[in-house]
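> just need the structure, nothing else, for what follows:
(chains A, B, C and D)
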Number of protein chains: 4
Amino acid sequence: MTDQEPLDVAKLQRRLAEFAAARDWQQYHTPKNLVAALSVEASELVEIFQWLTPEESARVMADPDTARRVTDEVADVLSYLLQLCEVLDVDPLAALDAKIERNEKRFPPS
Amino acid sequence: MTDQEPLDVAKLQRRLAEFAAARDWQQYHTPKNLVAALSVEASELVEIFQWLTPEESARVMADPDTARRVTDEVADVLSYLLQLCEVLDVDPLAALDAKIERNEKRFPPS
Amino acid sequence: MTDQEPLDVAKLQRRLAEFAAARDWQQYHTPKNLVAALSVEASELVEIFQWLTPEESARVMADPDTARRVTDEVADVLSYLLQLCEVLDVDPLAALDAKIERNEKRFPPS
Amino acid sequence: MTDQEPLDVAKLQRRLAEFAAARDWQQYHTPKNLVAALSVEASELVEIFQWLTPEESARVMADPDTARRVTDEVADVLSYLLQLCEVLDVDPLAALDAKIERNEKRFPPS
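So this is what the prediction gives:
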């Protein structure tokens, strides 16, 4: 970021859209392809953890190389999620807000 | 949301953390389990699109039931992604911002 | 199976192909769609295990309902894998045989 | 294969078990870890197809490099599926046979 304004989801979505447009990649960004790409990136996160014990998985950020890899895959998942929301015109934060409200009713605290 | 402040990622993360704490679910929220849950939710999105043509996939929000299902799965993916970031202390927006900058250098526009 | 011959992969592939043909489903069975369906079924297996400890996961077949669910998802994964191999003309057993040979050279026993 | 007997699933499972035992890898092969690995390999298949049109996906074996990659990922998926079945004591061919029979009743041909 060259400016100093705080990051927000809408701004990142705009940059992702401009990035894809400048490379003529929007033609590939059907919802079907974007959900496939999203699931592939989520699996790349799983790959990092697949042979770890629960305890090892909790210490994964202690190793700088693994921490970088995890952070990078988190970015990839968020990138495809936001691009999917853009082409489908879904507001991800509103969707999650509504979901938490429903879950609060569905699963009363113990 | 009972208040009228704008939604943001940090606020949603706080609500998700309180939701899990009130149900004593944090014990299940190892990074390993959260990435598995994230990938399962991403696949539930894929399931909606798996037999559709690219053209059908582009019209998926025209059907209210499918639109609701898609929005709900988007919320689930975002929910686990934010909970993962919380337990790993990763800032998802900063991660994506850094990734876009790297990709701008790696893939110069055509 | 009404006959008493042993099951084999080729015979199951033939039955899957006849099953799809009788329902006019081959039109949906592009390689792209079949790999998506395969990954969705693999994730349905993950879903069964996602919140379990390693120890709980090792006892999963002790519960008849979960055992049935696991067996059912194993069948779904194998079903799409064999249908994919059919449309791509890949021999899955030969592919695995060749892979094990390569891995025996790549990872010498300790 | 050094011998000339036909390949079969049981024989491949035995070789996979010996391969893991010789490297002391069975300790990692909890059902939970094996389903995660299975889903990761299924996603590596999806990755090959994610930006392709249905038509391009149907021609994927025409390119020798892609054909090799696809065959290799098919082997990986089958490898983890068979290892999972081994540790869970599930017969994958019998599971699929039973599933096809159930589906024949559930989805009568049109």
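> OK, contacts around residue A:90?
Neighbour list for residue A:90: A:84, B:61, B:70, B:71, B:74 [criterion: CB atoms under 8 Å, 6 or more residues apart in numbering or on different chains]. Glycine gets a C-beta too; all of them are placed from N, C-alpha and C.
> quick check: the second one touching residue A:84?
No. Look at residue B:61 against residue A:84 with CB atoms under 8 Å: they stay out of range, at 11.3 Å.
> okay if I get the contacts of residue A:90 as TSV plus secondary structure, distance to chain C and neighbour count?
Below are the contacts of residue A:90 laid out as TSV (DSSP: H, G, I helix; E, B strand; the rest coil; distance: CB to the nearest CB, whole Å; neighbours: other CB atoms under 10 Å in any protein chain shown):
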residue	secondary structure	distance to chain C	neighbour count
A:84	helix	15	23
B:61	helix	19	16
B:70	helix	15	24
B:71	helix	19	21
B:74	helix	16	24
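> which one of those is nearest residue C:93?
residue A:84 (37.3 Å; CB to CB).
> state the pLDDT value of the closest one.
At residue A:84, the pLDDT value in this model is 98.
> which residues does it contact?
Each residue near residue A:84 by CB under 8 Å, 6+ apart is listed here: A:31, A:34, A:35, A:38, A:90, B:45, B:74.
> which parts of chain A sit against chain D?
A:28, A:33, A:36-37, A:39-40, A:42-44, A:46-47, A:49-51 (CB under 8 Å from any CB of the partner chain).
> quick one: which of these is nearest to chain D?
Among those, residue A:43 lies closest to chain D (CB to the nearest CB), at 3.4 Å.
> tell me which helix or strand comes right after the helix or strand containing the closest one.
Residue A:43 is part of helix A:31-49 when elements are defined by DSSP states H and E. Note on helix A:31-49: by DSSP H and E, the next helix or strand toward the C-terminus is helix A:54-58.
> now that following helix - C-alpha only, CSV.
The C-alpha coordinates for helix A:54-58 follow below in CSV (Å, rounded to 0.1, in the frame of the first residue of the first chain):
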residue,chain,number,x,y,z
PRO,A,54,-2.6,-31.0,17.4
GLU,A,55,0.2,-29.7,19.6
GLU,A,56,2.6,-29.3,16.7
SER,A,57,-0.1,-27.5,14.7
ALA,A,58,-0.5,-25.0,17.6
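> so does it get close to chain C?
Yes. Using CB under 8 Å from any CB, helix A:54-58 reaches chain C at residue A:54.
> that helix and chain B, any residue contact?
Yes. Counting by CB under 8 Å from any CB, chain B is contacted by helix A:54-58 at A:54, A:57, A:58.
> do the same with stretch A:24-43
Yes. Counting by CB under 8 Å from any CB, chain B has neighbours in stretch A:24-43: A:24, A:30, A:31, A:32, A:33, A:35, A:36, A:38, A:39, A:42, A:43.
> many thanks, I have nothing further to ask.
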